[in-house]
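Trainee: Next come a sequence and a model predicted from it.
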Amino acid sequence: MYELLAGVYDRLMADVNYDEWVDFTEGVFARFGLRPATVLDLACGTGAITERLLKRGYRVVGVDLSPDMLAVCADRQEEYLERGQLLLLNQDMRRLEYPRQADAIVCFLDGLNYLPSKEDLTQTLKGVAAALAPGGVLVADLHTEHKLATVLGNETFTEVREDLAYIWSNDYDADTRTVEMNLLFFVSRPDGLYERFEESHYQIWHTREEIESAVVQAGLTVEGLYGDLAGNAPTATSERFYLVARKTNS
């Protein structure tokens, strides 16, 4: 079942320019004169960012709440696991435990929006601070209010392909700032039949002030909060915040 979901997820995200995100990350490294040996990929999922970091020569620690996601990542990156270049940890990001310290941590594709409250965001960032070496950086993104309330909002998206069909229905609650995303998939099988499965996801948005406050409460320094990967300031129609934070103390 999960192999189906993982395959569908990667196909639906096929238009994401992962390399551009990693380019942005390496630009942050250059900005601070960092040459990270190890990068921790928080909420790594099936490993799209993980794979690109590995191919650029970094040792990667992938962390995800889902053991099934990690299993798919492990299957795809078996060679790196065997060489000791990749370590996978099954953890809730709110209780991140890494026995060493990483030179850099990334959390992409709105992983932080799955945290249900500002307190959870702060708690997660405190774990990030503990796992970062002095001078290390966090590079992350979060969906904005505009993305969750307006672009996704109370919308329904459908698509029918030869071997896949889905219905993606959203319910937005302005009081809780939460969008509930209900996805219904039909995926073709080798016998010609279609297998049905469902997924529900919940995301919450945080204001710029709340994000910056959580970073500071975690003991990190906000080095930048941008509206795009070009480093421009956020606008009212920005769909993501791109956060750069740094551990400046020892």
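Mentor: That came through fine.
Trainee: Next SSE downstream of the helix or strand hosting residue 19?
Mentor: According to DSSP states H and E, residue 19 maps onto helix 18-31. Next in sequence after helix 18-31, counting helices and strands by DSSP H and E, comes strand 38-42.
Trainee: Just the buried residues of that next one, please?
Mentor: Going by neighbour count (16 or more other Cβ atoms under 10 Å), the buried part of strand 38-42 is 38, 39, 40, 41, 42. Every C-beta, even on glycine, is put in place using the N, C-alpha and C of the backbone.
Trainee: Could you point out the member of these that lies closest to residue 126?
Mentor: Set against residue 126, the nearest of the buried residues of strand 38-42 by Cβ to Cβ is residue 42 (13.2 Å).
Trainee: so the closest one touches residue 98, yeah?
Mentor: No: counting by Cβ atoms under 8 Å, residue 42 stays clear of residue 98, with 10.0 Å between them.
Trainee: ok and the helix holding residue 19 relative to strand 38-42, angle-wise?
Mentor: Counting by axes from the mean of the first three to the mean of the last three Cα atoms, to 10 degrees, helix 18-31 points 130 degrees away from the direction of strand 38-42.
Trainee: Give the other helices and strands that helix 18-31 contacts.
Mentor: In terms of contacts (3 or more Cβ pairs under 8 Å, 6 or more residues apart in numbering; DSSP states H and E), helix 18-31 is packed against helix 48-55, strand 102-107, strand 132-143.
Trainee: could you dump these to TSV with mean neighbour count?
Mentor: Below are these laid out as TSV (neighbours: other Cβ atoms under 10 Å):
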stretch	mean neighbour count
helix 48-55	22
strand 102-107	25
strand 132-143	22
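Trainee: Show me the one of these that comes nearest residue 33.
Mentor: For the helices and strands packed on helix 18-31, the distance to residue 33 is smallest for strand 132-143, at 8.8 Å, taking Cβ to Cβ.
Trainee: so what strands line up beside that closest one?
Mentor: Within its sheet, and counting by DSSP bridges, strand 132-143 is paired with strand 102-107 (parallel), strand 240-246 (antiparallel).
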